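A.B. asks: The following comprises the amino acid sequence and a computationally predicted model.
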Amino acid sequence: AQTVTQSQPEMSVQEAETVTLSCTYDTSESDYYLFWYKQPPSRQMILVIRQEAYKQQNATENRFSVNFQKAAKSFSLKISDSQLGDAAMYFCASRGGSEKLVFGKGTKLTVNP
Amino acid sequence: NAGVTQTPKFQVLKTGQSMTLQCAQDMNHNSMYWYRQDPGMGLRLIYYSASEGTTDKGEVPNGYNVSRLNKREFSLRLESAAPSQTSVYFCASSEASRGRYYEQYFGPGTRLTVT
């Protein structure tokens, strides 16, 4: 079974600064995928970034990047140049060979002007 | 192109009442999913359908039934609602091939309150 743990229920960052959200996971599968989803107050789930476990290179999407440490089973999200619109709940998720996503409990990110 | 749509957006039920949450996608996806989200929790999978005509249990299936009516539609039914089923329900869909990832697209959610 897969598990995903987000140890930071809440984080805050100043506008234009950088923040890192932590995630650890556990899986017995050799082929799996990791994701970060953003959920703003509108409730819509938005995929921010994904990482294939077989790729050593860390994924990046504009201001969002990940630090994927496979041996440590760690998958953190870095948001650079934080903007007010980045304020949201962020969920880490994993998927193995089946199609099921397993989510962490989320981190609430506040961006201060 | 509406993506994934869900009806209703909000619903209040009394304990013991039944209702069906509707979900439809217009992306020709094979796979569809139902999740629930409770305060302080991430999304948990209730049921999923890998393809038309098939359904399978997720992490928290008790108290729910599903129907994959056709490729577009996947409904979630509460036969006898309980206060523990108060939650926000999300439907999602993806084009899926075993062993390969396709992005899951989420609907806007249904907030259900059971009193």
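C.D. replies: Alright, I've got the coordinates.
A.B. asks: Give me the spatial nearest neighbour of A:Glu10, chain neighbours excluded.
C.D. replies: Excluding its sequence neighbours, the residue lying closest to A:Glu10 (CB to CB, 6 or more residues apart in numbering or on different chains) is A:Lys108, at 4.7 Å. Yep, even glycine has a C-beta here, placed from its N, CA and C like the rest.
A.B. asks: what sits against the one you found?
C.D. replies: Neighbouring residues of A:Lys108 by CB atoms under 8 Å, 6 or more residues apart in numbering or on different chains: A:Pro9, A:Glu10, A:Met11, A:Ala88, A:Met89, A:Tyr90.
A.B. asks: right, and the fourth one touches A:Arg43 too?
C.D. replies: So the one you mean is A:Ala88. No: assessed by CB atoms under 8 Å, A:Ala88 is found out of contact with A:Arg43, at 10.3 Å.
A.B. asks: more crowded one of those two?
C.D. replies: A:Ala88 (21 against 17; other CB atoms under 10 Å in any protein chain shown).
A.B. asks: What sits closest to the more buried one if chain neighbours are left out?
C.D. replies: Residue nearest to A:Ala88 in three dimensions, not counting chain neighbours: A:Pro40, with 4.3 Å by CB to CB, 6+ apart.
A.B. asks: Check the gap between B:Arg68 and chain A for me.
C.D. replies: To chain A, B:Arg68 is 14 Å away according to CB to the nearest CB, to the nearest Å.
A.B. asks: Let me see the contact set for that residue.
C.D. replies: B:Arg68 is in contact with B:Met32, B:Ser49, B:Glu52, B:Gly53, B:Thr54, B:Thr55, B:Phe74, counting by CB under 8 Å, 6+ apart.
A.B. asks: Same question for B:Ala92.
C.D. replies: Applying CB under 8 Å, 6+ apart to B:Ala92 gives the contacts A:Met45, B:Val4, B:Met32, B:Tyr33, B:Tyr35, B:Gln104, B:Tyr105, B:Phe106, B:Gly107.
A.B. asks: One more: B:Tyr89?
C.D. replies: So B:Tyr89 contacts B:Gln6, B:Leu21, B:Trp34, B:Tyr35, B:Arg36, B:Gln37, B:Ile46, B:Leu76, B:Gly109, B:Thr110, B:Leu112 (CB under 8 Å, 6+ apart).
A.B. asks: Could you verify my assumption that the third one touches B:Ser67?
C.D. replies: Okay, so that is B:Trp34. No: counting by CB under 8 Å, B:Trp34 stays clear of B:Ser67, with 10.9 Å between them.
A.B. asks: So for those two, which sits in the more crowded spot?
C.D. replies: When B:Trp34 and B:Ser67 are compared for neighbours, B:Trp34 comes out ahead with 28 against 14, by other CB under 10 Å.
A.B. asks: Kindly state the beta-bridge partners for the more buried one.
C.D. replies: According to DSSP bridges, the residues that bridge with B:Trp34 are B:Tyr47, B:Cys91.
A.B. asks: Roughly how far does it sit from chain A?
C.D. replies: Separation of B:Trp34 from chain A (CB to the nearest CB) stands at 12 Å.
A.B. asks: Also B:Ala82?
C.D. replies: Going from B:Ala82 to chain A by CB to the nearest CB gives 23 Å.
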